[in-house]
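J.: got a predicted structure plus its sequence, pasted below:
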Amino acid sequence: MTTAPARMLNIGAKSGAWLRQVGLRTHEDLAAVGSLEAYMRVKRAGFRPSLNLLYALEGALMGCHWQQVDATRRAELAALAQAEVARLPARGRMPAPSDVIVTFGAPPQGAVEGEPRAPSA
């Protein structure tokens with residue numbers, strides 16, 4: 001039987017909406033990717049989840065309240081999440097721009113590949 005995120009243990013309406021928006025609609029979907037990947041999908045989508053979501057996801061997979069997830073496991077999840085979040089680009093910062101070369105079709109007769117061309121009239 002599939003269980004929608006909003007009906008899963010530990011998952012409220014807001015967290016359920018976030019999970020649905022990142023393609024995790026059932027308990028089976030969550031189990032397939034795991035709590036850390038689910039948390040990171042929510043984070044990469046631009047939402048701002050706290051570590052409590054990560055613990056809630058782990059608890060949902062274990063079938064227990066998030067506060068019953070062992071403190072050692074919560075510390076391990078927090079460290080893993082911190083390492084993953086560190087790899088994300090800084091919020092609101094775009095990567096440095098690079099040169100863009102746009103070509104449409106073949107260059108005109110006699111043109112040398114890679115040389116700038118005068119705009120056509």
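T.: That came through fine.

J.: where does the prediction get shaky in the chain?
T.: For the chain, residues meeting the criterion pLDDT under 70 lie at 1-6, 91-98, 100-108, 110-121.

J.: how about the helices of it, start to end?
T.: Taking DSSP state H as the criterion, the chain carries its helices at 13-21, 27-44, 51-62, 71-86.

J.: most packed of those?
T.: Per residue and on average, the most neighbours among the helices of the chain fall to helix 51-62, with a mean of 21 (mean count of other CB atoms under 10 Å). Glycine gets a C-beta too; all of them are placed from N, C-alpha and C.

J.: from the chain's centroid, how far away is that one?
T.: Averaged C-alpha coordinates place helix 51-62 at 16 Å from its chain's average position (CA atoms, centre = their mean, to the nearest Å).

J.: need the contact partners of that helix.
T.: With contacts defined as CB atoms under 8 Å, 6 or more residues apart in numbering, helix 51-62 is touched by 8-11, 15, 18, 27, 30-31, 34-36, 38-39, 42, 65-69, 73-74, 77-78, 81.

J.: rerun that using 7 Å as the cut-off
T.: 8-11, 15, 30-31, 35-36, 38-39, 42, 65-66, 68-69, 73-74, 77-78, 81 (CB atoms under 7 Å, 6 or more residues apart in numbering).

J.: what angle separates that helix from helix 27-44?
T.: Between helix 51-62 and helix 27-44, the angle comes out at 170 degrees (axes from the mean of the first three to the mean of the last three CA atoms, to 10 degrees).

J.: and Ala17, how far from Leu80?
T.: Per CB to CB, to the nearest Å, Ala17 is found 24 Å from Leu80.

J.: one step back: looking at the helices of the chain, which is closest to Asp99?
T.: Nearest to Asp99, of all those, is helix 27-44, at 26.9 Å by CB to CB.

J.: packing partners for that closest one?
T.: On a contact count with 3 or more CB pairs under 7 Å, 6 or more residues apart in numbering; DSSP states H and E, helix 27-44 meets helix 13-21, helix 51-62, helix 71-86.

J.: can you redo the ones you listed as CSV with distance to Asp99?
T.: Shown next, in CSV, are the helices and strands packed on helix 27-44 (distance: least, CB to CB, whole Å):
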stretch, distance to Asp99
helix 13-21, 35
helix 51-62, 39
helix 71-86, 28
